[in-house]
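Next one to model:
(2 chains)
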Amino acid sequence: MPIRLSSLFLRTLREDPADAEVESHKLLLRAGYIRRAAAGIYTWLPLGLAVKAKIEKIVREEMAAAGAQEVFFPALLPRDAYEVTGRWTEYGDNLFRLQDRRKNDYLLAPTHEEMFTLLVKDLYSSYKDLPVCLYQIQNKYRDEARARGGLLRGREFVMKDAYSFDIDDAGLEKSYQAQRDAYERIFQRLGVEYVIVKADAGAMGGSASEEFLSPSPIGEDTFVRSPGGYAANVEAVKTPAPEARSIEGLPAAEVRDTPNSSTIASLVEAAGITAADTLKNVVLALVSPEGKRSLVMVGIPGDREVDTKRAEAAFSPNEVEAATEEDFKKYPELVKGYIGPKADGFVGIKYFVDPRVITGTSWVTGANVEGKHVFNFVYGRDFEADGIKDIAEVRAGDPSPDGSGPLELARGIEIGHVFQLGRKYAEALDLKVLDENGKLITVTMGSYGIGITRLVAVLAEANHDEKGLIWPEAVSPADVYIVAAGKEEENYAAAERIAYEFEAEGKTVILDDRPKVSPGVKFGDAELIGVPYVIICGRGIANNEVDFWDRRSGERRTVPLNLVSLQL
RNA sequence: CGGGAUGUGGCGCAAUUUGGUAGCGCACCUGUUUUGGGAACAGGGGGCUGCAGGUUCAAAUCCUGUCAUCCCGACCA
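Purely as a prediction, here's the structure:
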């Protein structure tokens, strides 16, 4: 049966809703795909549901092809499982918590690692059962501090999450590759542009991790790529260290007066050097998961700022904050504005340096005395560090870690994430199986996510013009959109006939059979709703002709009625 | 959580400065005419102005509190 606009639950809007900012959000609301129920929570209308179902269908087909089996967990979970892994507390304010009538704690699941792990533990106990890969397509709940962009970052959203279970690392590698390949096929079939970037795996304690980003100026993730094909999330970029140089013959370190030069800018101005010649020593406060606060100092080239995300990744699982006045008070040795590395170090403060600070490099840096800096301060001769921390900002033009050329910075929307979790959850939840020698071994896991509802937004974002949406064929709510225009009965009859012909061929049809609606309104709605092919049954019907519109190219042509079905 | 802004029929907005009891466009309903680019005319339905207090003869408007929403930032397995 064609979807009839005369009875479809739909109301299109002529004006942009005031609280929508990004195009996909505006258009999905205007074209009647979704309605806002609360901040970051959306109701799906028939058209929206059709698009979502198309995406899910493709995902299911490719998951099956990759050997994954579908299950379905509750979204409402008891506290227990999350207590074992510590996430009941660790997840913080982002977790939706609630109680039942007996005051037992529950949560709305933000993710399901625990449940999958426990399910496999529940049913399997032999290496012969593995590998196995399970997935679900499910609502997730995260009480985001700030939902944004409509479907782009919601507090309730649909995610496909898959988990692989293997007995060893080689198996995990294979399972990971199978999912990664499936993701490539899924995104290709959906017609969505994507870049696979290396991601930082630190926080989750696993090893390999890659994100699928869809490049977009409204993306929340910044990534880098090189002409030679390197791509990584900024958090994961490893700054290449230059070759160590000889210390021989370098001028001796020299403390000079540099009054009123407590900032890099004023120092550069006063000393006639460049910011890149200076070593900026940033004091950071680390807050451990247990809430303990400690200070560290990191020396980075003076022309760069600290990238908070990179710092968080480098010091994970600690949280990183700027040191406060109170922190400084506890360490009177630190002379603000003139802080520098000390041969014997500061008591209680670890000192790290940027990877670019290597043996033989010479710096201008603080002398730990008000109004003085030390020049020709050479790493490996005059000072050392406790280690390397790569927390400085990455800039366009920086060399790629693999030597494949200068990096370019771009924004992207995360649409998928594949991740070798390893044994973190299996260990925490005691998921073990017997191996062929009858010995218990811990299972190793992979985790693979695709943001289904986010994909609706990403596809809308990438496929629209000023008139409305233009869906890729694979996800369009229908294959063809037929408009009965004009008032003549035969136009409506012809539209009906064509609709049933397409349906008979297995195509899905939206039929605008609304009586007494002017052609302009119908054309406008057709363009707004965005089915890629539109057929107009109007004044041409008298000559057995219809108009065929290609929504994407804008091409319009008149075709004989009997050849209509050949157009698709 | 910090900064900014906004809450008025389904949607977009006005009236708030200067208190006087809510209006316009779209959408919706009825009728007539109209039908290839968001028709015309006539008639009509729908709003405790986010909520709670307060001031006042009188509050959408002033005051206090509170809640919510949006944007920027922080945060975001």
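
Which single residue of chain A ends up nearest RNA strand B?
A:Gly538 (2.1 Å; CB to the nearest atom of the strand). Any C-beta I mention is one placed from the backbone N, CA and C, and that applies to glycine too.

isn't that residue right next to A:Thr558, touching?
No: contact criterion CB atoms under 8 Å: A:Gly538 and A:Thr558 do not qualify, at 10.6 Å.

what about the residue nearest to A:Ser207 when sequence neighbours are not counted, neighbour count?
Spatial nearest neighbour of A:Ser207, excluding adjacent residues (CB to CB, 6 or more residues apart in numbering): A:Gln420 at 4.9 Å. By the criterion of other CB atoms under 10 Å, A:Gln420 has 23 neighbours.

ok, now which ones touch A:Gln420?
Counting by CB atoms under 8 Å, 6 or more residues apart in numbering, A:Gln420 makes contact with A:172-173, A:176, A:201, A:206-209, A:444, A:446.

so where's the longest strand in chain A?
Secondary structure assigned by DSSP state E gives strand A:408-422 as the longest strand of chain A.

Tell me where the stretch 151-300 of chain A has strands.
For the stretch 151-300 of chain A, strands defined by DSSP state E, counting those that start in this stretch occupy the ranges A:156-166, A:195-198, A:209-215, A:221-225, A:231-233, A:254-257, A:279-287, A:293-301.

can I get the ones you listed in CSV with mean neighbour count?
Putting these into CSV (neighbours: other CB atoms under 10 Å) gives the following:
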stretch, mean neighbour count
strand A:156-166, 24
strand A:195-198, 19
strand A:209-215, 23
strand A:221-225, 21
strand A:231-233, 24
strand A:254-257, 12
strand A:279-287, 20
strand A:293-301, 21
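
hang on, the earlier thing: skipping its backbone neighbours, what lies nearest the residue of chain A closest to RNA strand B in space?
In space, A:Gly538 comes closest to A:Ala485 once its chain neighbours are excluded; the distance is 3.6 Å by CB to CB, 6+ apart.

Quickly list what A:Pro78 is bridged to.
Counting by DSSP bridges, A:Pro78 forms beta bridges with A:Tyr106.

neighbours around it, how many?
Neighbours of A:Pro78 under the rule other CB under 10 Å: 13.

my read: it touches A:Asp100, true?
No: counting by CB under 8 Å, A:Asp100 is not a contact partner of A:Pro78; they are 9.0 Å apart.

coming back round to it: so which of the contacts of A:Gln420 sit within helices?
Judged by DSSP state H, helices contain the following of the contacts of A:Gln420: A:172-173, A:176.

Neighbour-wise, give me the winner out of these.
A:Leu172 leads the ones in helices among the contacts of A:Gln420 on contacts (other CB under 10 Å) with 25 neighbours.

And the pLDDT for that one?
As predicted, A:Leu172 sits at a pLDDT of 96.

wait, it sits on A:Tyr163?
No: using CB under 8 Å, A:Leu172 is not in contact with A:Tyr163; the gap is 11.1 Å.

Can you work out which residues contact both of those two?
A:445-446.

how does chain A divide into domains?
A:70-237+A:409-452, A:254-388, A:478-567 (automatic domain parsing).

re the thing from before, quick one: contacts for the residue of chain A closest to RNA strand B?
A:483-486, A:491, A:519, A:546-547.

how about those in a markdown table, adding pLDDT and secondary structure?
Below are these laid out as a markdown table (pLDDT from 0 to 100; DSSP: H, G, I helix; E, B strand; the rest coil):
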| residue | pLDDT | secondary structure |
| --- | --- | --- |
| A:Val483 | 97 | strand |
| A:Ala484 | 96 | strand |
| A:Ala485 | 95 | coil |
| A:Gly486 | 91 | coil |
| A:Asn491 | 95 | helix |
| A:Pro519 | 95 | helix |
| A:Val546 | 96 | strand |
| A:Asp547 | 96 | strand |
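
Show me the common contact partners of A:Gly538 and A:Thr558, please.
Common neighbours of A:Gly538 and A:Thr558 (CB under 8 Å, 6+ apart) are A:546-547.

so what's A:Thr442 up against?
Listed by CB under 8 Å, 6+ apart, the contact partners of A:Thr442 are A:423, A:426-427, A:431-432.

What's opposite it in the beta bridge?
Beta-bridge partners for A:Thr442, by DSSP bridges, are A:Lys432.

repeat for the one 4 residues further on
Legend: beta-bridge partners of A:Gly446 under DSSP bridges are A:Ser164.

what's the neighbour count on it?
Neighbour tally, A:Gly446, other CB under 10 Å: 29.

In contact with it: list those residues for me.
A:Gly446 makes contact with A:163-164, A:166, A:172, A:175-176, A:179, A:418-421, according to CB under 8 Å, 6+ apart.

show me which of those neighbour RNA strand B.
Contacts with RNA strand B are made by A:Phe419 out of the contacts of A:Gly446, judged by CB under 7 Å from any atom of the strand.

would TSV of the contacts of A:Gly446 with distance to A:Pro46 be doable?
Putting the contacts of A:Gly446 into TSV (distance: CB to CB, whole Å) gives the following:
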residue	distance to A:Pro46
A:Tyr163	32
A:Ser164	35
A:Asp166	41
A:Leu172	41
A:Ser175	37
A:Tyr176	37
A:Gln179	32
A:Val418	33
A:Phe419	35
A:Gln420	40
A:Leu421	38
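
Can you tell me the centre-most residue of chain A?
Chain A has A:Glu414 as the residue nearest its centroid, 2.3 Å off, counting by CA atoms, centre = their mean.

Touching, it and A:Leu213? I think so.
Yes: assessed by CB under 8 Å, A:Glu414 is found in contact with A:Leu213 at 5.7 Å.

right, quick check: the one helix or strand A:Val456 maps to against RNA strand B, any contact?
A:Val456 belongs to helix A:452-462 when assigned by DSSP states H and E. No: using CB under 7 Å from any atom of the strand, helix A:452-462 never reaches RNA strand B; the gap is at least 9.7 Å.

Which is the succeeding secondary structure element to that helix?
strand A:464-465.

helices and strands around the next helix or strand after that next one, which ones?
Next helix or strand after strand A:464-465 toward the C-terminus (DSSP H and E): strand A:468-469. Contacts defined by 3 or more CB pairs under 8 Å, 6 or more residues apart in numbering; DSSP states H and E place strand A:468-469 against helix A:23-30, helix A:519-529.

run the last query once more with 7 Å
Counting contacts by 3 or more CB pairs under 7 Å, 6 or more residues apart in numbering; DSSP states H and E, strand A:468-469 is packed against helix A:519-529.

on that earlier part again, touching both of A:Pro78 and A:Asp100, which residues are there?
By the contact definition CB atoms under 7 Å, 6 or more residues apart in numbering, A:Pro78 and A:Asp100 are jointly contacted by A:Tyr106.

For burial, what's the neighbour tally of A:Gly272?
By other CB under 10 Å, the residues close to A:Gly272 number 7.

rewinding a little: state the distance from the residue nearest to A:Ser207 to A:Leu27.
To A:Leu27, A:Gln420 is 37 Å away according to CB to CB, to the nearest Å.
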